[in-house]
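Novice: output the structure for:
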Amino acid sequence: MDESPLPKPAHLRDVPSSRKQWLAQRPLALATAVLGFVAFVVVSASQATFWSTPNWRISVPCFAVTAIAALASIARRERAPALWAIGLGLAGAALVLGWFMMLAIVIGGTLLLMLIISTVM
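Specialist: Sure, this is the predicted structure:
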């Protein structure tokens, strides 16, 4: 009988030992997260009034580039859904930045009020 060890399954081969190696194996997912962050910063910096609808000539191409990077990451099966979802979420929030900020303020105020009421009562 042959006593050689069984080969490892494909999902257990080449397990990264550090975060840098893990990120190096998922370049498009990392690029999506970075592009989403950059899109959010660029759109928010280019706002004339912070509560208005952002300029579509800036926000839509930023979202499109981020979406293309996310789709490429999915197509490559990089197994990093958190990275591309965060990037895509940030770029999507940049599309509706005024509404996003108003909703964040309302939710933040509600949470603060709930905290105050729960500690006083």
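Novice: low-confidence ranges, the chain, go.
Specialist: In the predicted model, the chain carries pLDDT under 70 at residues 1-2.
Novice: centre-most residue in it?
Specialist: Centroid-nearest residue in the chain, with Cα atoms, centre = their mean: Ile86, separated by 1.3 Å.
Novice: of all the residues in the helix or strand where that residue lies, which ones are buried?
Specialist: Per DSSP states H and E: Ile86 is located in helix 81-95. Judged by neighbour count using 16 or more other Cβ atoms under 10 Å, the buried positions of helix 81-95 are 83-84, 86-88, 90-95. No exception for glycine: its C-beta is placed from N, CA and C like everyone else's.
Novice: neighbours around the nearest residue to the residue nearest to the centre of the chain once chain neighbours are set aside, how many?
Specialist: Leaving aside its chain neighbours, Ile86 sits nearest to Ala33 (5.3 Å; criterion: Cβ to Cβ, 6 or more residues apart in numbering). Counted with other Cβ atoms under 10 Å, the neighbours of Ala33 add up to 26.
Novice: helices of the chain, start to end?
Specialist: Chain-ordered helices for the chain, with DSSP state H as the definition, fall at 19-24, 27-45, 56-75, 81-95, 97-120.
Novice: export those to JSON lines and tack on distance to Ser4?
Specialist: Conversion of the helices of the chain to JSON lines gives the following (distance: least, Cβ to Cβ, whole Å):
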{"stretch": "helix 19-24", "distance to Ser4": "28"}
{"stretch": "helix 27-45", "distance to Ser4": "35"}
{"stretch": "helix 56-75", "distance to Ser4": "36"}
{"stretch": "helix 81-95", "distance to Ser4": "36"}
{"stretch": "helix 97-120", "distance to Ser4": "58"}
